[in-house]
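> Got a predicted model here, sequence first, then my questions.
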Amino acid sequence: MGKRKPMPSAAARGAKSRPKRPRSAKQGAEIREENPQLPEHDDAETVDTEPRAAETVQHEKKSNGGFQGVAQSDEDDTEDELDAPSGDEPGDKINKGNHCFDETETSCSFHRHVSRVITNEEVKALIKQNSKFKWEMPAVDIPRSKWVGTGGKMQEASDDHLHDVKGKLREHWQHMLSDHLNSRMSFFTLCNSYRDIMHCNKKPFYLKRNGVDSSTMDAYIMHALNHVHRTRDVVIRNDTKLRNDADREISDDNTYLDQGFTRPKVLFLLPLKSFARRIVKRLIQLSPLQQKNAMGPFKKEFGESDDEMEVPEHSTKPADFDLLFAGDIDDHFLFGIKLTKKSIKLYSNFYSSDIIVASPLALKRKIDGEHGKEKDFDFLSSIEIVVVDHADVISMQNWAHLEAVFEHLNHLPSKEHGTNVMRIRPWYLDQHAQYYRQTILLSSYLTPEINALFNGLCFNYEGKIKMVTEYAGVLPKIQLEVRQVYERFDASSIAEADDARFDYFCNKVYPKIQELDEDGLLLFASSYFEYIRISNFLKSKEASFCRIGEATSQQDISRSRLWFFEGKKKILLYSERSHFYHRYKIRGTKHLLIYSLPGRKEFYPELVNMLGESENRKCNVLFSRLDLLKLERIVGTSSARRLISSDKSMFVFC
């Protein structure tokens, strides 16, 4: 072997390094000329989740002719590395002499997904095609539901569901899950297709503890682990080949394009600490690696108990409420997880992490640079899988935070973070990373906001898959004989729907309320905007009312409930978020007016059943043709379609 040529540093190569890379016409239009300087960076492990900028750490292998390692592979720490391919696993390259063979990479979904380079023309075409759902397939174990998708139809899963999975992971899951493995494979197969997924009929663990939620969670965690292992395996394999072949130049071979701008590849977005704790605990169980650093800091922040949440004794709240809020309901958390050769490390530095676990609120504050700190979101530049679980709970927090996070994904970083620019994948340099990112949205029901996020910010070139469900409705859960009058108003577009609803209430509904002049009217609004708007209107009319919203103090809530029950205030304005966080039973309700239908279908029978103490029960519901998503979950899909398409505008359910 000849003398090894030392590789120049990333800062020294600059713009000269990129034009050397062989690029076909299909591999992109222009070469980007940004040349950020290498920042000071500390890749040492730390419990502090803030990336530190201490002294520059450059990984060098002095014994190999000055070979400069890559920050994303941590070649300076042999104990911290994922296993380099040994050739004894299906899908691994087998070294025979000076040649490398790969028996299954061409059929591996990971390799197929990341190796394809799309052109600008293909990007324009896929944005149009991604909205056309052409095929369908049954949703296993989910009644009255089916999957529909764009692009090529999903092929039937093979008998070997884990043929794409690396050996140690596959063996661990087969041993750990045993007879339960098949129940995970249906959703795992969807995830492994690398398409964007919107699953909005997921039964959460706190609503129906039948194992379906656990199966779905296991499936996407398994997919994330497999993706990280595959990614790191390719990097380490190429590092080994470069060390063993002194005369090989990176710029001479496209097979060494194996990295993004930064190391983190998976992002889990969750609403509450209790959910994050559940995810991390399961991720550790599903990984064959050992949890290295002590769980003390994690348990201190996320709770001590290893037991599943249980319903408190003698609770007057619904069981799903007790389970949902039994754990830590803090919505501010953000930390990294690093997978090494032998262990999983929690609270790793962001730029040396493989997985980021965060709430939208904490990540938004990190992006904005809270407490006077420098804005930093470069660690989101190379995220390739985003999982948003319990999106319906996030919608009860602040959906704008989630949208802001998505808008900051896959941007060009402002600095270099120890990455070898000669090994960055071409679709990162072409700023096409967002078209390779897989987004998995999970919710117990569909909202217009979730739909807009899926349609407007998810453009995976592989295509999309979403669930479509026929709903039976929740009217049978109403325990009383109540005449429910549905009144339809006209709204020509989504942009005008709020104004049309408000005008109908002010001009058609409120005059009747004034004329009757009765007490006991519970006025329910699903959004905070509607709640504030109605409150201001009632103030302008000097109406006798009180209110309970998510920002109302406990003292004011108690006072409002008492005034309403005693008849001192005739109207009680009540928001859906307040009901979500408290599940009050409003006594004294004689007339229920639903200004806008609740998003959570189980709230509807709870509200109607509050009329149980009244002899003359009344229930009125306002809706438009644009409320189909909410309407079908409550009255059923078939009935909702009749209400939307009928020439009449008044309907009665008894």
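Sure, I can see it. This one's a predicted model, so the numbers in the text were calculated from it and none came from an experiment.

> All the helices of the stretch 501-650 of the chain, in order from the start?
Counting by DSSP state H, counting those that start in this stretch, the stretch 501-650 of the chain has helices at residues 510-516, 528-540, 554-566, 576-582, 603-608, 628-635, 637-645.

> possible to save those helices as CSV with distance to Cys191 and mean pLDDT?
Quick note: C-beta positions are derived from backbone N, CA and C, even for glycine. Below are the helices of the stretch 501-650 of the chain laid out as CSV (distance: least, Cβ to Cβ, whole Å; pLDDT from 0 to 100):
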stretch, distance to Cys191, mean pLDDT
helix 510-516, 49, 93
helix 528-540, 34, 96
helix 554-566, 43, 96
helix 576-582, 29, 96
helix 603-608, 31, 96
helix 628-635, 25, 96
helix 637-645, 27, 95
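
> Break this protein down into its domains, please.
Using the TED database, the domain parsing of the chain gives 195-247+256-305+319-469, 475-653.

> most packed of these?
domain 195-247+256-305+319-469 (a mean of 20; mean count of other Cβ atoms under 10 Å).

> got the end-to-end distance for that domain?
This stretch, domain 195-247+256-305+319-469, spans 20 Å end to end (Cα to Cα, to the nearest Å).

> from the middle of its chain, how far away would it be?
8 Å (Cα atoms, centre = their mean, to the nearest Å).

> Report the mean per-residue pLDDT for it.
Here domain 195-247+256-305+319-469 scores 91 as its mean pLDDT.

> re earlier: minimum distance to Ala326: which of the helices of the stretch 501-650 of the chain has it?
Among the helices of the stretch 501-650 of the chain, helix 576-582 comes nearest to Ala326, with 13.9 Å by Cβ to Cβ.

> for that closest one, packing partners?
strand 521-525, helix 603-608 (3 or more Cβ pairs under 8 Å, 6 or more residues apart in numbering; DSSP states H and E).

> Apply 7 Å and report the result again.
If contacts are counted by 3 or more Cβ pairs under 7 Å, 6 or more residues apart in numbering; DSSP states H and E, helix 576-582 sits against no helix or strand.

> residues in contact with the residue lying closest to His401 once chain neighbours are set aside?
Nearest non-adjacent residue to His401, counting by Cβ to Cβ, 6 or more residues apart in numbering: Pro360, 3.9 Å away. Counting by Cβ atoms under 7 Å, 6 or more residues apart in numbering, Pro360 makes contact with Leu269, Ile394, His401, Leu402, Val405.

> And for Val357?
With the criterion set at Cβ under 7 Å, 6+ apart, Val357 makes contact with Phe268, Ala276, Ile279, Val280, Phe335, Ile337.

> Provide a list of residues in contact with Glu576.
Neighbour list for Glu576: Ser526, Pro598, Gly599, Phe603 [criterion: Cβ under 7 Å, 6+ apart].

> Pro448: which of those residues is nearest?
Pro448 lies nearest to Gly599 out of the contacts of Glu576, by Cβ to Cβ, at 9.4 Å.

> quick one: the closest one and Ser526 touch, right?
Yes. Contact between Gly599 and Ser526 holds when scored by Cβ atoms under 7 Å: they sit 6.2 Å apart.

> how far away is the residue nearest to His401 from Leu593?
Using Cβ to Cβ, to the nearest Å, we find Pro360 at a distance of 33 Å from Leu593.

> Contacts made by stretch 268-280 with the rest, please.
By Cβ under 7 Å, 6+ apart, the surrounding residues in contact with stretch 268-280 are 302-303, 327-331, 333, 355, 357-360, 386-390, 393-394, 397, 402, 405.

> I'd like the distance between Tyr461 and Arg277.
Distance from Tyr461 to Arg277, by Cβ to Cβ: 35 Å.

> Please apply the same query to Lys541.
Taken as Cβ to Cβ, the span from Lys541 to Arg277 is 48 Å.

> go on, Pro598?
28 Å.

> So which of the contacts of stretch 268-280 belong to helices?
Among the contacts of stretch 268-280, the members falling in helices (DSSP state H) are Phe302, Pro360, Val393, Ile394, Leu402, Val405.

> Mind naming the longest helix for the chain?
Max-length helix for the chain by DSSP H is helix 212-244.

> Counting by contacts, list what that one packs against.
Against helix 212-244 (3+ Cβ pairs under 7 Å, 6+ apart) you get helix 167-177, helix 181-192, strand 266-269, helix 273-286, strand 385-388.

> Give me the pLDDT for Ser86.
40.

> again but with Glu542, I slipped
pLDDT at Glu542 comes out at 95.

> Check Phe623 too.
Per-residue pLDDT puts Phe623 at 97.

> got it, and Glu79?
Predicted confidence (pLDDT) for Glu79: 46.

> Isn't Arg488 up against Ser649?
Yes. At 4.4 Å, Arg488 counts as touching Ser649 under the criterion of Cβ under 7 Å.

> Setting aside sequence neighbours, what's the nearest residue to Arg559?
Excluding its sequence neighbours, the residue lying closest to Arg559 (Cβ to Cβ, 6+ apart) is Cys546, at 7.5 Å.

> Look at Met198 and give its secondary structure.
The three-state label for Met198, taken from DSSP: H, G, I helix; E, B strand; the rest coil, comes out as strand.

> what residues are up against it?
By Cβ under 7 Å, 6+ apart, the residues touching Met198 are Leu441, Phe454, Lys466, Met467.

> That one and Lys541: what is the separation?
As judged by Cβ to Cβ, Met198 and Lys541 stand 42 Å apart.

> try Phe379
Distance from Phe379 to Lys541, by Cβ to Cβ: 52 Å.

> Same check on Leu334?
For Leu334, the distance to Lys541 equals 45 Å [Cβ to Cβ].

> go on, Ala495?
Going from Ala495 to Lys541 by Cβ to Cβ gives 27 Å.

> Go through the domains of the chain and name the closest to Met185.
Evaluated with Cβ to Cβ, those place domain 195-247+256-305+319-469 nearest to Met185, the distance being 7.6 Å.

> isn't Ser649 right up against Tyr486?
No. With contacts counted by Cβ under 7 Å, Ser649 stays clear of Tyr486, the gap being 9.1 Å.

> And what about Ala495, helix, strand or coil?
The three-state label given to Ala495 by three-state DSSP is helix.

> which ones are touching it?
Here Ala495 is in contact with no residue (Cβ under 7 Å, 6+ apart).

> how far does stretch 605-622 sit from the chain's center?
In terms of Cα atoms, centre = their mean, the gap separating the centre of stretch 605-622 from the centre of its chain is 36 Å.

> quick one: the nearest residue to Asp392 once chain neighbours are set aside and Ala400, what's the gap?
Closest residue to Asp392 apart from its sequence neighbours, by Cβ to Cβ, 6+ apart: Ser443 at 4.4 Å. Distance from Ser443 to Ala400, counting by Cβ to Cβ: 17 Å.

> cool, Tyr347 as well?
According to Cβ to Cβ, Tyr347 and Ala400 sit 28 Å apart.

> now Ala362
The value you get for Ala362 to Ala400, if Cβ to Cβ is used, is 14 Å.

> go on, Val393?
Where Ala400 is concerned, Val393 sits at a distance of 15 Å (Cβ to Cβ).

> Leaving out the residues flanking it, which one is nearest to Gln285?
Closest to Gln285 by Cβ to Cβ, 6+ apart is Met176, at 7.1 Å.

> gap between the one you found and Asp164?
Applying Cβ to Cβ to Met176 and Asp164 gives a distance of 18 Å.

> Show me the two of the contacts of Glu576 that sit farthest apart.
Spanning the widest gap among the contacts of Glu576 are Ser526 and Phe603, at 8.9 Å by Cβ to Cβ.

> Reformat the helices and strands packed on helix 212-244 as TSV; add distance to Gln479.
Listed next are the helices and strands packed on helix 212-244 as TSV, based on distance: least, Cβ to Cβ, whole Å:
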stretch	distance to Gln479
helix 167-177	41
helix 181-192	34
strand 266-269	37
helix 273-286	31
strand 385-388	35
